[in-house]
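*Asks:* this one's sequence-less:
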Ligand code: MSP
């Protein structure tokens with residue numbers, strides 16, 4: 001029932017199929033996945049959307065360069081993005097392709113809604129266009145390149161375009177956009193981006209060219225198929241076409257999930273999402289999304305990733321070399337979400353070995369092996385909790401509220417830091433309690449200490465489920481926590497482990513990356 005219950009809608013950008021997936025695509029997708037999984041565990045009805053952006057001149061050119069028909073080209077490359085999702089254990093609820101009929105219907109309906117509102121007029125466009133960015137640029141924004149070429153601020157080469165075009169009256173939306181930003185201070189996150197967008201809009205908005213006539217690969221403009229819709233208008237509509245727009249009746253998916261809770265994207269495309277998209281929606285009489293979050297860019301070992309440098313990091317390479325959960329963990333842990341970051345092998349190994357394997361993995365392995373050896377392999381029976389026991393259990397139980405706050409602001413790195421904090425507390429506690437020494441002197445106390453540790457590990461595993469689902473699932477298997485018990489409803493005493501439940505023989509969960517031995521110097 002829409003309007004009732006808790007629902008949550010999160011989206012990735014839809015990825016251009018002109019190229020195969022790289023680390024940047026993986027990053028956004030992993031972040032959205034962690035958010036979607038977190039909300040599901042927290043009792044929300046979640047819609048998590050990703051997909052591919054298949055129209056426009058850039059894709060048309062890439063297909064032509066390969067000598068294939070654009071549709072066949074899209075069918076092919078789109079599959080790589082689906083496969084990336086499977087490889088990274090992504091839990092998206094839908095995968096939208098802009099060449100699907102359901103999307104064409106929505107894009108046409110959106111166009112008509114803008115036209116009905118009087119916001120579209122026919123004119124002609126004379127200006128610069130960057131195919132790589134699929135964006136128009138003003139003369140004043142460009143730099144002179146070699147041989148009289150004009151270069152966009154993104155570094156992409158621009159071409160001169162002169163053709164009839166439909167325009168969207170973006171200029172008429174300037175004040176309403178500014179009022180909207182002011183009344184929704186968390187619409188654009190991080191806040192530094194909010195300020196950037198506000199000053200961009202304050203400088204004045206020009207009407208936006210929203211159709212092209214010099215190529216064919218796209219959605220024909222309703223009523224004038226000499227024109228193809230501007231690929232960004234087409235693409236942005238994906239967020240509602242996947243909800244079945246224009247069907248908006250009570251009980252529809254649209255009614256249930258729109259407006260989106262958060263669109264996640266890289267900082268390079270915030271303008272399209274935070275300026276054009278709310279203007280289109282408001283013009284169509286639809287509510288704007290609740291938030292646009294722009295994350296930073298990754299470099300590789302200190303260098304910008306580029307095809308020409310040959311240093312583009314592929315998600316498949318990371319998964320193969322370090323593991324899927326290690327890759328997911330590293331990306332969300334290493335860099336504050338919103339800032340730029342650098343991928344380095346050394347940093348990756350530091351995180352996976354020091355944090356996942358040592359701090360979390362060892363805690364689980366030590367505890368579970370002691371239980372296996374000394375407590376007949378069942379959840380130990382506990383006695384009265386001491387102040388130290390209460391302290392550790394308290395820190396584990398307090399974690400969920402902290403995580404809720406972190407996830408509310410997409411602060412994944414802080415969420416992981418909080419979880420790790422509990423693992424550190426757990427390790428300190430084992431060292432202080434030294435349960436191995438209690439076996440002979442006070443077996444009942446040993447059992448209580450191991451119970452407190454097992455319960456702490458259960459909380460760490462539940463908390464890690466959104467981030468490293470496979471490994472934390474294994475941790476919960478080792479604690480004999482049933483699938484149905486793996487939700488935040490079972491947080492705290494509610495879902496506490498029951499004494500006497502048999503536990504499987506534990507095996508290490510997080511492997512360590514071992515550098516290959518240096519070849520001994522034969523000399
Ligand atoms: N098709 C558009 C989005 C349309 S959404 C309605 C698009 N696609 S893209 O495939 O080029 O880019 C997808 C995402 O990858 C963007 O959010 C971009 O910021 C991100 N990244 C590309 N390179 C990146 C890094 N090196 N690091 C992090 N993210 C990067 O834009």
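*Replies:* In hand now; what should we look at? Keep in mind the model is a prediction, meaning the values are calculated, not measured.

*Asks:* can you tell me, leaving aside adjacent residues, what's nearest to residue 242?
*Replies:* Nearest residue to residue 242 in three dimensions, chain neighbours excluded: residue 96, at 4.4 Å (C-beta to C-beta, 6 or more residues apart in numbering). In short, each C-beta sits where N, CA and C put it, glycine included.

*Asks:* helix/strand/coil for the one you found?
*Replies:* Three-state call for residue 96 (DSSP: H, G, I helix; E, B strand; the rest coil): strand.

*Asks:* for it, give me its contacts.
*Replies:* 14, 49, 50, 51, 52, 102, 103, 238, 241, 242 (C-beta atoms under 8 Å, 6 or more residues apart in numbering).

*Asks:* now, the residues you listed that are in strands?
*Replies:* Counting by DSSP state E, the part of these found in strands is 49, 50, 51, 52.

*Asks:* beta-bridge partners for the last one, please?
*Replies:* Looking back up the chat, that one is residue 52. As for beta bridges, residue 52 partners with residue 15, residue 97 under DSSP bridges.

*Asks:* neighbours around it, how many?
*Replies:* By other C-beta atoms under 10 Å, the residues close to residue 52 number 24.

*Asks:* the residue of the chain found nearest the ligand: neighbouring residues, count only.
*Replies:* Closest to the ligand within the chain is residue 266: 1.6 Å, counting by C-beta to the nearest ligand atom. When neighbours are counted by other C-beta under 10 Å, residue 266 registers 16.

*Asks:* tell me the confidence at it?
*Replies:* At residue 266, the predicted lDDT confidence score is 97.

*Asks:* my guess is it contacts residue 24. True?
*Replies:* Yes: counting by C-beta atoms under 8 Å, residue 266 sits close enough to residue 24 to count as a contact (6.4 Å).

*Asks:* returning to that earlier point: check contacts around the residue of the chain closest to the ligand.
*Replies:* Contacts of residue 266 by C-beta under 8 Å, 6+ apart are 13, 24, 28, 294, 295, 296, 297.

*Asks:* buried ones in stretch 124-132?
*Replies:* Buried residues in stretch 124-132, counted by 16 or more other C-beta atoms under 10 Å: 125, 128, 129, 130, 131, 132.

*Asks:* typed the wrong thing, it's stretch 208-226
*Replies:* If you call a residue buried by 16+ other C-beta under 10 Å, then stretch 208-226 has these buried ones: 208, 209, 210, 211, 212, 213, 217, 218, 219, 220, 221.

*Asks:* go on, stretch 271-285?
*Replies:* 271-284.

*Asks:* looking at those, spot the one nearest residue 76.
*Replies:* Residue 76 has its nearest neighbour among those in residue 272, at 25.8 Å by C-beta to C-beta.

*Asks:* what's the distance between that closest one and residue 221?
*Replies:* From residue 272 over to residue 221 the distance is 19 Å, taken as C-beta to C-beta, to the nearest Å.

*Asks:* distance between the ends of stretch 13-20?
*Replies:* Stretch 13-20 stretches 15 Å from its first residue to its last (C-alpha to C-alpha, to the nearest Å).

*Asks:* contacting residues for residue 301?
*Replies:* When contacts are counted by C-beta under 8 Å, 6+ apart, residue 301 touches 311, 342, 343, 344, 345.

*Asks:* mind putting the residues you listed in TSV, secondary structure included?
*Replies:* Shown next, in TSV, are the contacts of residue 301 (three-state DSSP):
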residue	secondary structure
311	coil
342	strand
343	strand
344	coil
345	helix
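
*Asks:* save those residues as TSV, and put in neighbour count too.
*Replies:* Converted to TSV, the contacts of residue 301 look like this (neighbours: other C-beta atoms under 10 Å):
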residue	neighbour count
311	14
342	14
343	21
344	14
345	13
